[in-house]
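[1] I'll drop the sequence and a predicted model, then ask my questions.
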Amino acid sequence: MRALLFLGAAVTVLTGCESAEAKRERNAVAARARVATESARAFEAVAVPLSAVWNDAQLVKRLVDAGLAPQRRDSVKALVWMGAPVLAYRLGVSTIDVYVYRDSVARKAVVAALDPSTFAPRGTPSPWGVGHDLIENNNLIAVVVGGTDRQRERIATALAAGAGAP
């Protein structure tokens with residue numbers, strides 16, 4: 001019986017010992033799979049008729065077309081005061097949280113209720129910390145956190161042109 005316990009402990013220890021190189025490779029494979037998934041969604045968005053308002057498919061297409069390789073972050077929860085579901089992505093070392101509203105009037109109402117310096121309700125600290133960029137376009141609000149100046153500029157450029165024309 002002791003031999004079985006020892007063998008079980010040895011197997012547990014050995015399977016938990018993954019080399020740093022193997023772990024990096026496993027993470028890289030997972031990241032490539034997430035990028036491929038979003039790229040496929042962007043390709044499918046071409047078949048969707050263009051609309052003047054943003055939706056998830058158009059957002060991903062714009063990011064992929066800009067060469068940003070979005071990876072969905074499903075674990076991110078929407079902030080209650082934003083009043084819309086969140087579409088969250090990792091773009092290299094930066095992250096982007098996007099809120100899509102039914103129209104620009106709804107987006108403007110949410111923005112008007114927030115402190116412009118924190119982009120949170122007045123008196124509430126920013127959930128994004130220091131160094132976030134805000135992009136507003138029609139029915140979309142995007143909060144970009146982290147990344148290089150060039151990367152943030154590429155994200156802003158991709159989203160500033162709008163969703164498209166009907």
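    That came through fine.

[2] what's the next secondary structure element after the helix or strand containing residue 96?
    Secondary structure assigned from DSSP states H and E places residue 96 in strand 94-100. Using DSSP H and E, the next helix or strand after strand 94-100 towards the C-terminus is helix 104-112.

[3] which of the residues in that next one are buried?
    The neighbour-count check on helix 104-112 (16 or more other C-beta atoms under 10 Å) flags residue 107 as buried. (C-beta placed from N, C-alpha, C; glycine too.)

[4] That helix relative to strand 94-100, how many degrees between them?
    120 degrees (axes from the mean of the first three to the mean of the last three C-alpha atoms, to 10 degrees).

[5] Which of the helices or strands spans residue 60?
    For residue 60, the enclosing helix or strand under DSSP H and E is helix 56-65.

[6] now the strand holding residue 96, how far from the chain's geometric center?
    Its chain's C-alpha centre and that of strand 94-100 lie 5 Å apart, by C-alpha atoms, centre = their mean, to the nearest Å.
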